[in-house]
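K.L.:
For reference, the sequence and a predicted model appear below.
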Amino acid sequence: MIGANSVIDLFSGCGGLSYGFESAGFHIKFGIDHDRHALATFEKNHRDSQAIFTDISKLNKRDIRSMAGPNGLDLLVGGPPCQGVSLSGHRLRKDPRNELFLSYLRLLSDLRPKAFVMENVPGLLGLFDGELKDVLLREFNRLGYTVSYQILNAAQYGVPQARKRVFFVGLANGQTFDFPKPLNREPVTSFEALSDLPEYSLPSGSAYPMPQQNIYQKLIRKGSAGVYNHEITNHWDKTIEIISMVPDGGNYKNLPTELWNTRRVNIAWTRLN
């Protein structure tokens, strides 16, 4: 039986979104995904939760309602795969990954939680001249949810990454959700986040080779037994040469124009500071 503040995470992956809600006091009951490796990590991150390996589009109404339990569900969260709507993708109307938005709506309709959160890339808002966004808002409203949506930048909330995502939050009680205001402080830089890590690979589980350098590193080390998955990429000499042309905080526009298209996604030449 699902307890208070219960959450089901669709398209859960390794459980990053779930981790945030768990840290805020919610109980993550299920994580559902179609990637076994991601779910194995989800189980490590959420030891009191159940990982379900399945194709979400194949879940039937009986399965879904049994997940909610007799007391219903407090919160449904999830981010349908964004490759079909990302600016780095082809943004095709017939992309099958965009159909997973319909699966999210179907499960929302069957589960009828007290609230939901759906996140995706900002490009969703303008996709097909805003058609997908309008369909989602219309369906959310039809199901009885009052919906607010906003583009948020993770860098403004203490995360050392300039990552923008659009969040849709729907409440079934008729109230309107107010998004939190950005933190009133300078963003955490990538240097502040990573300066306690060496420029060489470490075996997983190694002790940190140097003491924490700042408040962010103290926070991120909490509960950590050591350094894991710290593997340095061995770049080709030509790649190192190109990277060296980009100043700290710069990007592909700092390169000669003939090198602009040497990577499929230009952000690959961004140099963080």
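P.N.:
Noted; the coordinates are in hand.

K.L.:
Phi, psi for the nearest residue to Tyr145 once chain neighbours are set aside please.
P.N.:
Computed as CB to CB, 6 or more residues apart in numbering, the closest residue to Tyr145 that is not its neighbour in sequence is Gly170, at 3.3 Å. (C-beta placed from N, C-alpha, C; glycine too.) When quoted as degrees, to the nearest 10, the phi and psi of Gly170 stand at phi -120, psi 140.

K.L.:
count of neighbours near the residue nearest to Leu272 when sequence neighbours are not counted?
P.N.:
Once flanking residues are discounted, Leu272 sits nearest to Ser190: 3.9 Å by CB to CB, 6+ apart. Using other CB atoms under 10 Å, Ser190 has 16 other residues around it.

K.L.:
pLDDT at Ser190, what is it?
P.N.:
At Ser190, the model reports a pLDDT of 89.

K.L.:
That one and Ile240, how far apart?
P.N.:
18 Å (CB to CB, to the nearest Å).

K.L.:
Correct me if wrong: Asp35 contacts Gly15.
P.N.:
No - contact criterion CB atoms under 8 Å: Asp35 and Gly15 do not qualify, at 11.7 Å.

K.L.:
What about Gly79, how many residues nearby?
P.N.:
By other CB under 10 Å, neighbour count at Gly79 equals 22.

K.L.:
That one: what's it in contact with?
P.N.:
With contact taken as CB atoms under 8 Å, 6 or more residues apart in numbering, Gly79 is in contact with 11, 17, 118-120, 165.

K.L.:
In helices only, show me the residues you listed.
P.N.:
Among the contacts of Gly79, the residues falling in helices (DSSP state H) are Leu17.

K.L.:
need the contacts of Gly79 in a markdown table with pLDDT, can you?
P.N.:
Shown next, in a markdown table, are the contacts of Gly79 (pLDDT from 0 to 100):
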| residue | pLDDT |
| --- | --- |
| Phe11 | 92 |
| Leu17 | 93 |
| Met118 | 95 |
| Glu119 | 94 |
| Asn120 | 91 |
| Arg165 | 95 |
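
K.L.:
Let's have the contacts of Gly79 in CSV, adding distance to Ser109 and neighbour count.
P.N.:
Below are these laid out as CSV (distance: CB to CB, whole Å; neighbours: other CB atoms under 10 Å):
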residue, distance to Ser109, neighbour count
Phe11, 17, 23
Leu17, 21, 21
Met118, 13, 25
Glu119, 19, 19
Asn120, 19, 26
Arg165, 24, 16
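
K.L.:
pLDDT wise, what is Gly89 at?
P.N.:
54.

K.L.:
what's the answer for the one 10 residues further on, then?
P.N.:
The per-residue pLDDT reported for Glu99 equals 70.

K.L.:
try Ala172
P.N.:
As predicted, Ala172 sits at a pLDDT of 95.

K.L.:
excluding its backbone neighbours, what's nearest it?
P.N.:
Computed as CB to CB, 6+ apart, the closest residue to Ala172 that is not its neighbour in sequence is Lys114, at 5.3 Å.

K.L.:
which residues does the one you found contact?
P.N.:
By CB under 8 Å, 6+ apart, the neighbours of Lys114 are 72-75, 171-173.

K.L.:
Tell me where the stretch 1-150 of the chain has helices.
P.N.:
16-23, 36-45, 61-68, 100-111, 131-142 (DSSP state H, counting those that start in this stretch).

K.L.:
so which of the contacts of Gly79 would you say is closest to Gly144?
P.N.:
Closest to Gly144 out of the contacts of Gly79 is Met118 (15.7 Å), distances taken as CB to CB.

K.L.:
partners of that closest one in the sheet?
P.N.:
Note on Met118: beta-bridge partners Gly78, Phe168, judged by DSSP bridges.

K.L.:
ok, it - contacts?
P.N.:
77-80, 104, 136, 167-168.

K.L.:
which of those sit farthest apart?
P.N.:
Going by CB to CB, the pair spanning the contacts of Met118 furthest: Val77 and Leu136, at 15.1 Å.
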